[in-house]
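Enquirer: coords please:
(chains A and B)
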Amino acid sequence: QVQLVQSGPEVKSPGASVKVSCKASGYTFSSSGVTWVRQAPGQGPEWMGWISAYEGNTNYAQKFQSRVTMTTDTSTSTAYMEMRSLKSDDTAVYYCARGKEWNYAFDIWGQGTMVTVSS
Amino acid sequence: DIQMTQSPSSVSASVGDRVTISCRASQDISRWLAWYQQKPGKAPNLLIYAATGLRDGVPSRFSGSGSGTDFTLTISSLQPEDFATYYCQQASSFPPSFGGGTKVDIK
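Expert: Next up is the predicted model:
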């Protein structure tokens, strides 16, 4: 079936980096794009950015522009989101989701990856 | 950035009730609106796209309406599996943004 499977939980110290993976299956990965959304505890979702799996072009929310890099590996149908210079308020569940373009609805979601930033 | 405001923030209802959730955009977004359902510990699940489009497999008791700045998600007859938090999301203007959510719980 169509699914996105994300990597496991991470615990990082402030100032460190984290890289979350999102492996797609059940559809042609390169025919769509991947959006990343995060959700802090008890908060609503926050859109972070989108990457085209077929062209590799990206769109980032300004808030994350300087600290986040999104990439894809079409040979393994995997998307990656790397965040640098982590702060305590980056503690959240990070989701990948399928979206053909940045402004399409997100129809398939990964299970989420909990990233905890704590000293 | 476009701000999305949902109301109410929570609603208590019984099985069989009709539930209406509102979402207001800070500027005209035409019909570029989606609705998601999220249960505790799970990822959001797409219900409605383009304001009124029912995603395949979503029960017909869910419906969306509206355009411009005011939108509504209606659950015509609440079922036990519908107790969850609902979010609206605009995709008209970059960056996409979500509402604060409406929690539907058991009366």
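Enquirer: which positions in chain A make contact with chain B?
Expert: Residues of chain A lying close to chain B by CB under 8 Å from any CB of the partner chain are A:35, A:37, A:44-47, A:59, A:61-62, A:95, A:97, A:102-107, A:109-112. To be clear about C-beta, it is placed using only N, CA and C from the backbone, and glycine gets the same treatment.
Enquirer: now, of those residues, which are buried?
Expert: By neighbour count, with 16 or more other CB atoms under 10 Å in any protein chain shown, the residues of chain A next to chain B hold A:35, A:37, A:44-47, A:59, A:61, A:95, A:97, A:102-107, A:109-110, A:112 as buried.
Enquirer: identify the bridge partners of the most centrally placed residue in chain B.
Expert: Centroid check for chain B by CA atoms, centre = their mean gives B:Trp35 as the closest residue, at 3.9 Å. Note on B:Trp35: beta-bridge partners by DSSP bridges are B:Ile48, B:Cys88.
Enquirer: and the pLDDT for it?
Expert: On pLDDT, B:Trp35 comes in at 98.
Enquirer: distance of the closest residue to A:Pro9 other than its chain neighbours from chain B?
Expert: Once flanking residues are discounted, A:Pro9 sits nearest to A:Met114: 4.3 Å by CB to CB, 6 or more residues apart in numbering or on different chains. Distance from A:Met114 to chain B, counting by CB to the nearest CB, to the nearest Å: 10 Å.
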